[in-house]
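Asks: Here is my input; please provide its structure:
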Amino acid sequence: MTNLNFISKTLCIALSSVFLFSSPSIADDDNYSPLDSPSFFEGLNTFTAVFSQIKQMYVDEIDDETLFNNAIRGLIEGLDPHSSYLEPVAQSKVSESTMGKFGGLGIVIGTKGDYIEVVSPIDDTPAYRAGLKAGDIILQIGDQNVSQINLEEGVKLMRGAPGTTIKLTIGRPDIAPFVVEITREVITVTSAKGLLLEEGIGYLRVAQFQRPTAEVVEKIIGDLVEKNEADLDSLIIDLRNNPGGLLDSSIDISNLFIDEPGIVVYTEGRTPSSNMSFPTKPGDILNGAPIVVLMNVGSASASEIVAGALQDHKRAIIMGEESFGKGSVQSMMGLQDGYGLKLTTARYFTPSGRSIQAKGISPDIELDNISLRGDDEEEESIDFSSQEKDLKNSLSAQDEEETTSEDPTELSPEEILKSQDEITDARDQEFVDLLMEDYYVHEAVNVLKALRIYKNK
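Replies: You can find the predicted model right below:
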């Protein structure tokens with residue numbers, strides 16, 4: 001009798017946990033109730049039986065809350081790499097995840113099979129300076145074998161107080177696994193910076209799409225025009241290794257350069273609330289000057305939205321490699337007791353109807369990853385091994401940022417611009433010299449010069 005009472009109680013708890021996930025917009029749109037599905041009760045019976053056996057026979061006593069949290073986490077993480085169940089602390093961190101300043105190593109990571117993959121090192125951070133590259137596989141964190149933990153546990157191990165160190169065992173194609181020791185620090189991400197490469201040719205590096213990035217970009221272009229003492233003839237937008245960020249930021253930045261009517265991007269999902277279209281706005285801060293966008297396989301999400309919009313509106317030439325292919329939309333839903341649900345609810349499409357998911361943006365001009373510095377520097381080129389379509393449980397294209405970073409605190413546009421001024425004032429020429437040795441930038445400059453000659457004929 002006791003067992004029957006327990007199963008009855010468990011059934012009630014399980015039903016409550018199902019309704020807990022219902023978002024008002026989703027429930028109203030679909031009028032869905034699990035009680036209408038016979039297969040729901042069949043699955044629930046199996047779940048209840050397993051739950052009961054664990055409670056009675058598992059070697060250690062496990063409380064109900066832990067078991068339910070484990071069950072819910074498995075339910076969600078089995079969907080795709082970007083949906084996740086967030087505990088109260090994790091949810092508060094995700095809600096701040098694109099502000100621009102945080103403590104840690106400075107890498108964006110995802111899952112690849114049983115291991116953790118580096119999606120992108122963030123510019124000028126400990127991970128970047130340690131030589132980590134997009135596509136690297138993290139095999140061990142300290143003494144912990146990564147195949148035995150999930151992504152969230154891996155993030156916790158890599159976090160720590162600034163000044164402390166962590167050893168990562170890295171796998172990279174064609175070489176033996178190696179260990180890097182990285183010192184954690186408080187990381188400030190400058191989301192965008194700009195340089196004048198030569199007369200008339202501007203260079204804009206966008207490292208991440210944060211809340212103030214569009215405002216920063218607009219100010220950078222104004223500064224480059226002032227330094228050039230005339231309007232820019234052309235612009236290179238470097239989105240390589242940019243893991244994405246905020247949708248609004250990518251739309252605002254696209255709209256800085258698109259003047260014709262239409263859309264920047266649209267989404268399609270199963271519910272009406274997931275189907276959205278984001279229009280272009282009049283005004284081009286470059287007045288139609290040619291643009292080259294540089295991308296590689298580390299360019300993901302918001303980067304792909306910008307590149308796809310500029311490509312479809314024939315506003316830019318895309319050069320480099322096929323991008324990562326992260327074209328899905330995640331919605332945040334609050335649950336009881338501070339828990340949260342990050343759930344994939346739609347796919348992104350470029351203005352012409354191309355799906356970004358698992359396909360990425362194909363360049364107009366494809367470039368190989370080579371170095372202009374000679375054979376002795378060849379190891380510096382970035383070697384990427386996978387894309388969104390290679391991630392565990394990734395969504396199919398269907399012709400239609402799990403990635404994470406750590407503990408952010410917001411930077412104001414003024415702080416970002418101050419950082420930008422300090423960098424460019426001190427090291428402009430050094431950066432220009434380095435960029436002109438960059439094969440991608442070198443080829444982009446050649447294309448823009450050719451367009452200038454053609455235009456002046």
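Asks: And the helices in the chain?
Replies: 2-20, 24-30, 38-57, 64-77, 88-94, 126-129, 151-158, 213-228, 247-255, 302-312, 413-436, 439-456 (DSSP state H).
Asks: just those helices: most buried one?
Replies: helix 302-312 (a mean of 27; mean count of other CB atoms under 10 Å). C-beta coordinates here come from the backbone N, C-alpha and C atoms, glycine included.
Asks: Off-centre distance for that one?
Replies: The chain centroid and the centroid of helix 302-312 are separated by 14 Å under CA atoms, centre = their mean, to the nearest Å.
Asks: again with stretch 271-282
Replies: 20 Å.
Asks: re earlier: kindly reformat the helices of the chain as CSV and extend each row with mean pLDDT and distance to E366.
Replies: Shown next, in CSV, are these (pLDDT from 0 to 100; distance: least, CB to CB, whole Å):
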stretch, mean pLDDT, distance to E366
helix 2-20, 38, 48
helix 24-30, 44, 41
helix 38-57, 92, 47
helix 64-77, 92, 35
helix 88-94, 57, 35
helix 126-129, 91, 25
helix 151-158, 85, 32
helix 213-228, 96, 26
helix 247-255, 96, 23
helix 302-312, 97, 14
helix 413-436, 63, 20
helix 439-456, 92, 11
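Asks: looking at those helices, which is closest to S331?
Replies: Among those, helix 24-30 comes nearest to S331, with 8.8 Å by CB to CB.
Asks: gap between the two ends of stretch 224-240?
Replies: End-to-end distance for stretch 224-240: 21 Å, by CA to CA, to the nearest Å.
Asks: what about it, distance to the chain center?
Replies: How far stretch 224-240 lies from its chain's middle: 26 Å, per CA atoms, centre = their mean.
Asks: try stretch 144-152
Replies: The chain centre lies 20 Å from the centre of stretch 144-152; the measure is CA atoms, centre = their mean.
Asks: ok, now stretch 181-189?
Replies: Distance, stretch centre to chain centre, for stretch 181-189: 19 Å (CA atoms, centre = their mean).
Asks: any idea how far S83 is from L151?
Replies: As judged by CB to CB, to the nearest Å, S83 and L151 stand 12 Å apart.
Asks: let me redo that: I122
Replies: Distance, I122 to L151, using CB to CB: 17 Å.
Asks: and of the helices of the chain, who's closest to G340?
Replies: Of all those, helix 88-94 sits nearest to G340, with 3.6 Å by CB to CB.
Asks: closest to I107 out of the helices of the chain?
Replies: helix 126-129 (4.2 Å).
Asks: residues making contact with the closest one?
Replies: Helix 126-129 is contacted from outside by 105-107, 118, 121-122, 182-185, 187, using CB atoms under 8 Å, 6 or more residues apart in numbering.
Asks: Put the buried members of those residues into a ChimeraX selection.
Replies: A single ChimeraX command selects the buried members of the contacts of helix 126-129 (16 or more other CB atoms under 10 Å):
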select :105,106,107,118,121,122,182,184,185,187
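Asks: so can I have CSV of the contacts of helix 126-129 showing distance to I356 and pLDDT?
Replies: Shown next, in CSV, are the contacts of helix 126-129 (distance: CB to CB, whole Å; pLDDT from 0 to 100):
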residue, distance to I356, pLDDT
L105, 28, 92
G106, 25, 88
I107, 23, 87
V118, 21, 88
P121, 22, 84
I122, 22, 81
I182, 32, 96
T183, 36, 95
R184, 33, 93
E185, 33, 91
I187, 28, 76
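Asks: and which of the contacts of helix 126-129 is nearest to G222?
Replies: Using CB to CB, the contacts of helix 126-129 come closest to G222 at I122, 25.6 Å.
Asks: Quick check: chain neighbours aside, which residue is closest to the closest one?
Replies: Once flanking residues are discounted, I122 sits nearest to G106: 4.3 Å by CB to CB, 6 or more residues apart in numbering.
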